[in-house]
Structure formats: C-alpha cells, structure tokens
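*Asks:* no sequence for this one, just the structure:
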C-alpha cells in the first residue's frame, strides 16, 4: 500500500501559476504510474494528467495540454503538477492517484488504486 499527500493548492488569479506536489510513502514509489485528477463542485472527478513509472511518458487531458506539466522525482517519492495560465474553470479539488499495475497510461479514476486527500485550487477571475 502507498500513502499519498497532496500540497501546493491555494487561491490564485486567472493567468497565474501553481505547482502541486504529491508525496508518497509506503511501497516503492517507482513501481507506480501516477495520475492527477480534479473534481469541481457538482461534477464528476476528471482526469488531468498521468506519468509513467520512469517519467518517460506522459499524457494529458485536452484541457491541460499546453498549460500543465506533470513530472516526478523518484528519489524524492514525489509527483508534481505545474499549472500555468490558470483559468477560473480550473477551480477544483485536485487529487493525485497511484496505479499499481501500470500496463498503460490510464485515464479513468476507477483504474487507480490509491488516492490522496486532495488539495483545493481556486482561480479567481
């Protein structure tokens, strides 16, 4: 089992940037593909980005392409989400998740095995 703790959320103006971090403990971090999801009030949890175990492959939701960058540091057991050019519609609780059987880069929330508690991102207009 792996425990995940997100940090770095906050309030930012439209056009600003935030970097989210997700620190993992427990099992070997590099065994897991890692994803970021978000959930806005009244909406379903949606995929944002995913990164492979080595960090060599990534995939993004269309809404994140060109603005967000997912990365990881396996030596620090941490995955990051750099978010630039933020928009009010990016407001949500952001969650990191771990996939223990990463045969491919997954985009469905139900395919992930472990979740953090989430960090709130609010973008004001």
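*Replies:* Received it, and whenever you're ready, just let me know what you need. Computed from a predicted structure; not experimentally measured.
*Asks:* now the residue nearest the centre of the chain: closest residue in space that isn't a chain neighbour?
*Replies:* Nearest to the geometric centre of the chain sits residue 36, at 2.2 Å (Cα atoms, centre = their mean). Counting by Cβ to Cβ, 6 or more residues apart in numbering, residue 48 is the residue found nearest to residue 36 once chain neighbours are left out, at 4.3 Å. Where you see a C-beta, it was placed from the backbone N, CA and C, and this is true even at glycine.
*Asks:* number of nearby residues for the one you found?
*Replies:* Each residue near residue 48 was counted by other Cβ atoms under 10 Å, and the total is 24.
*Asks:* show me what the helix or strand harbouring it is in contact with.
*Replies:* In this assignment (DSSP states H and E), residue 48 forms part of strand 46-51. For strand 46-51, the external contacting residues (Cβ atoms under 8 Å, 6 or more residues apart in numbering) are 33-39, 57-61, 63-64, 68-72, 79, 81, 94, 99, 105-109.
*Asks:* among the residues you listed, which are located in strands?
*Replies:* 33-39, 58-60, 68-72, 79, 81, 94, 99 (DSSP state E).
*Asks:* out of those, which are buried?
*Replies:* With neighbours counted by 16 or more other Cβ atoms under 10 Å, these contain buried members at 33-38, 59-60, 68-70, 72, 79, 81, 94, 99.
*Asks:* all set now, cheers.
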